[in-house]
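Engineer: Here is my input; please provide its structure:
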Amino acid sequence: MQLSKAEEQLMQLLWKQKRAFMKDLIDASPEPKPASTTVATLLKRMQDKGFVDYVQEGRSREYFPLIKKKDYFSKQVNGMIKSFFNDDTAQFASFFTQETNLSKKELEELRMIIDSEIKKKK
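Structural biologist: Here you go, the predicted model:
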């Protein structure tokens, strides 16, 4: 299951705040602030998709994420590699390193991360 762009933006705020009332999410949103009806609709959709839930606090609902940010984005990246790069991680790595205009320093940092992961797999 995937989030729409608007849902993902709202989810980013919720991951950052960990727990939030709708008012908190609206306050944390960039200008122009979304209408409360829009945020309520997005939260309901996100709840139906299994991304958020809430606890009732009087007349208000305190929302919290049901999925970790890392898990969501890992799934998205793996899906992109599968669909856009025919499940070929080397093709993805080639595209990523060439098309993102990484500096020599950034490429060296990337190599260090990869080397570290290789050592862990031994």
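
Engineer: Off-centre distance for the helix or strand hosting Ala90?
Structural biologist: Assessed by DSSP states H and E, Ala90 sits inside helix 89-99. For helix 89-99, the separation from the chain centroid amounts to 21 Å (computed by Cα atoms, centre = their mean, to the nearest Å).

Engineer: contact partners of it?
Structural biologist: Residues from elsewhere that reach helix 89-99, judged by Cβ atoms under 8 Å, 6 or more residues apart in numbering: Met80, Ile81, Phe84, Phe85, Leu107, Leu110. (Glycine included, C-beta is placed from N, CA and C.)

Engineer: quick one: which helix or strand includes the last one?
Structural biologist: Translated: Leu110. With secondary structure defined by DSSP H and E, Leu110 is part of helix 104-121.

Engineer: Tell me, what's the model's pLDDT at Lys121?
Structural biologist: The predicted structure scores Lys121 at 85 on the pLDDT scale.

Engineer: Likewise for Met1?
Structural biologist: At Met1, the predicted lDDT confidence score is 77.

Engineer: Any idea how many residues pack against it?
Structural biologist: Using other Cβ atoms under 10 Å as the criterion, Met1 is surrounded by 10 other residues.

Engineer: my guess is it contacts Gln47, does it?
Structural biologist: No - Met1 is not in contact with Gln47 according to Cβ atoms under 8 Å; the separation is 12.0 Å.

Engineer: roughly how far apart are the nearest residue to Val52 once chain neighbours are set aside and Lys121?
Structural biologist: Using Cβ to Cβ, 6 or more residues apart in numbering and skipping the chain neighbours, the partner closest in space to Val52 is Met46 (4.6 Å). Using Cβ to Cβ, to the nearest Å, we find Met46 at a distance of 36 Å from Lys121.
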